[in-house]
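[1] I would like to see how this sequence folds:
(one chain, ligands or ions: 1)
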Amino acid sequence: MANYDFDIGILGGGAAGLTIASGAAQLGAKTLVVEKDKELGGDCLHFGCVPSKTLIRTAHVYHLMKNGMRFGLPAMEVQPVDFQEISKRIQSVIGTIQKHDSEERFCKLGARVEFGESVFVDEHTIRLKGKEYSSKTWAIATGSSPSIPPVEGLNNTPYITNREIYFLKKLPKSMIVLGAGPIAIEMAQAFNRLGTKVSVIQRGDQILTKEDKDMADQVMNVLNEEGVIFYLNTSVVSTRDAGEESEVVIKTGEGQPVVLRGDIILVAMGRDANLDGLGLKAIGVEFDKRGLKVDRRLRTNQKNIFAAGDVTGEYQFTHAAGYEGGIVLSNAIFHLPRHVDYTFLPWCTYTDPELASIGMNERAATAAGIRYSVWTEEFKDNDRSLAEGEQIGKIKMILDEKEKPIGVQILGSRSGDLVSEWVAILYGGVKLSTLASAVHPYPTLAEINKKVAGTFLSTKLFSDRVRKGLKFFFHLKGRACGIN
Ligand SMILES: Cc1cc2nc3c(=O)[nH]c(=O)nc-3n(C[C@H](O)[C@H](O)[C@H](O)COP(=O)(O)OP(=O)(O)OC[C@H]3O[C@@H](n4cnc5c(N)ncnc54)[C@H](O)[C@@H]3O)c2cc1C
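    Purely as a prediction, here's the structure:
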């Protein structure tokens, strides 16, 4: 048997790579992690989830300060924000979390960490800074980067992406956002709340295109009311550096050119897998525009090389990367044939209100040819929502023909947390009757989960047939009041 330096080598020290590394090292596998940047943690920690959610929180607090009157508080004059102070807070949160992802911690767990750019020499060996490292198995977990569209003039126009946006020297007066996916929309709302005039350019007729239109439109309406301007059904024709400002020419659905000017352009038009320079073609590993091609065990066509996280182009979330890391661990170290199953993978867009989803929405069910029914409850009928002044939004529960839940979407305050109850219900195959009869604390937003299940069940329980049966068996006297 060939004698390799390591049992498992991992390229990329982000969410997926570090999940594999900590598991493998603690299980006694000789583990190598190679990270291209100067620190571990990946996009989520440095340029993604952590800074964006920190910024969103700051923007939320500022928004509340400006809107205290809605809560019976006196009006106050709020000072403009100093973005450098916000940036400092973001850096401090990153710094705190960075400690969990330090080289020392992984060394203590037993994994060796190396920094630098590496290239595959063959399917078992990489070259890093002139030295070769061989491993029985490899995991490619190199993540993704912002996709830069081939727009005329963009290369010569200043623009930012998620890598720069948290570290601006000052708050831009205006921002043109190219794209309307979760990253674009979260940042559009946060900057608008902080005082930037934000315009969003979107090719299609809705934002957040993975979501059902009714839910995405409600998010758009909230942002629109707060001041964000949306240009739907438009394409970007060209951009230009116009000195103090940047210029974006768009074409509307009717073919009219419109010239927009802004302090800054944010490009948020999807993600490209980080595969450049790895030498994958030379060793015959297959990939396409989306990312690395993998089977359900997350093996590439070179069976000793696995992939996890954004680099596969599948579900580009930190929790998906962690989940896939676990699958790679089982397959690569234990040779246990575990498959990925994304049926109930949840996700959330952290606008205010948040839009969370698990399983199929109407769009996905229709595409799959599934006949479904939709059950809804609105937050305006939830006591806690009213008390909190957060009554926008609703829950949508999708049932298949057999009346089994196949998906849930929640638009509302803290819906990312509320959807977690459905994670347990759907993964665990818990019956809707169990959810409906389980006692939830009052008053909580989570009561909406119980209520939507109850609404569905009550249509069965309180049917004419059941009523007639009960009347017959228990000699019930029926209605005591005439108004129906
Ligand atoms: C603005 C923004 C907000 C987001 N918010 C959320 C959120 O709220 N919730 C959520 O679930 N997800 C969110 N995401 C997505 C999330 O950040 C990613 O899905 C997650 O980071 C993917 O993990 P990963 O391990 O695949 O990649 P990463 O975490 O990016 O790790 C990849 C690592 O590989 C390194 N690397 C790259 N090339 C090489 C190479 N050749 N050799 C060695 N190392 C290399 C990179 O430097 C990086 O450290 C957000 C993303 C963005 C951009």
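[2] Thr137 - that's part of a strand, no?
    Yes. Counting by DSSP: H, G, I helix; E, B strand; the rest coil, Thr137 is part of a strand.
[3] and it, what does it touch?
    With contact set as C-beta atoms under 8 Å, 6 or more residues apart in numbering, Thr137 has these partners: Asp7, Ile8, Gly9, Asn304, Ile305, Phe306, Ala332, Ile333. C-betas here are computed from N, CA, C, even on glycine.
[4] Closest one of those residues to the ligand?
    Gly9 (10.5 Å; C-beta to the nearest ligand atom).
[5] The closest residue to Phe317 other than its chain neighbours pairs with what?
    Leaving aside its chain neighbours, Phe317 sits nearest to Trp347 (5.6 Å; criterion: C-beta to C-beta, 6 or more residues apart in numbering). Beta bridges link Trp347 to Ser357, judged by DSSP bridges.
[6] Trp347 and Lys468, how far apart?
    45 Å (C-beta to C-beta, to the nearest Å).
[7] How about Arg261?
    Distance from Arg261 to Lys468, by C-beta to C-beta: 70 Å.
[8] again, but for Tyr350
    For Tyr350, the distance to Lys468 equals 49 Å [C-beta to C-beta].
[9] so Gly291 touches Gln316, yeah?
    No. The criterion here is C-beta atoms under 8 Å, and Gly291 misses it with Gln316 at 9.3 Å.
[10] Show me the common contact partners of the two, please.
    Common contact partners of Gly291 and Gln316 (C-beta under 8 Å, 6+ apart): Ser144, Asp310.
[11] Get me the contact residues on the stretch 51-200 of the chain for the ligand.
    Ser52, Lys53, Glu117, Ser118, Ala141, Thr142, Gly143, Asn162, Ile183 (C-beta under 6 Å from any ligand atom).
[12] Could you find the closest non-adjacent residue to Glu35?
    Glu35's closest residue in space is Gly13 (C-beta to C-beta, 6+ apart), at 3.6 Å.
[13] State the pLDDT value of that neighbour.
    Listed pLDDT for Gly13 reads 98.
[14] Please renumber the chain so that the first residue is 885 from this point on.
    All right, first residue 885 from here; so that's Gly897.
[15] Confirm that it sits in a helix.
    No. Going by three-state DSSP, the assignment for Gly897 is coil, not a helix.
[16] Give me the residue ranges of the chain where confidence is low.
    Along the chain, segments meeting pLDDT under 70 span 885, 1367-1368.
[17] Now intersect the residues of the stretch 935-1084 of the chain next to the ligand with the helices, please.
    Ser936, Lys937, Ile1067 (DSSP state H).
[18] Hmm, Leu924 and Ser986 touching each other?
    Yes. Shown here, Ser986 and Leu924 form a contact pair, counting by C-beta under 8 Å, at 6.9 Å.
[19] how near is Ser1119 to Cys1365?
    For Ser1119, the distance to Cys1365 - C-beta to C-beta - is 60 Å.
[20] Neighbour count for these two, which is higher?
    Ser1119 (15 against 5; other C-beta atoms under 10 Å).
[21] And Pro1237, its phi and psi?
    phi -70, psi 150 (degrees, to the nearest 10).
[22] Could you do Thr1235 as well?
    phi -80, psi 180.
[23] Now do it against the ligand, distance only.
    11 Å (C-beta to the nearest ligand atom, to the nearest Å).
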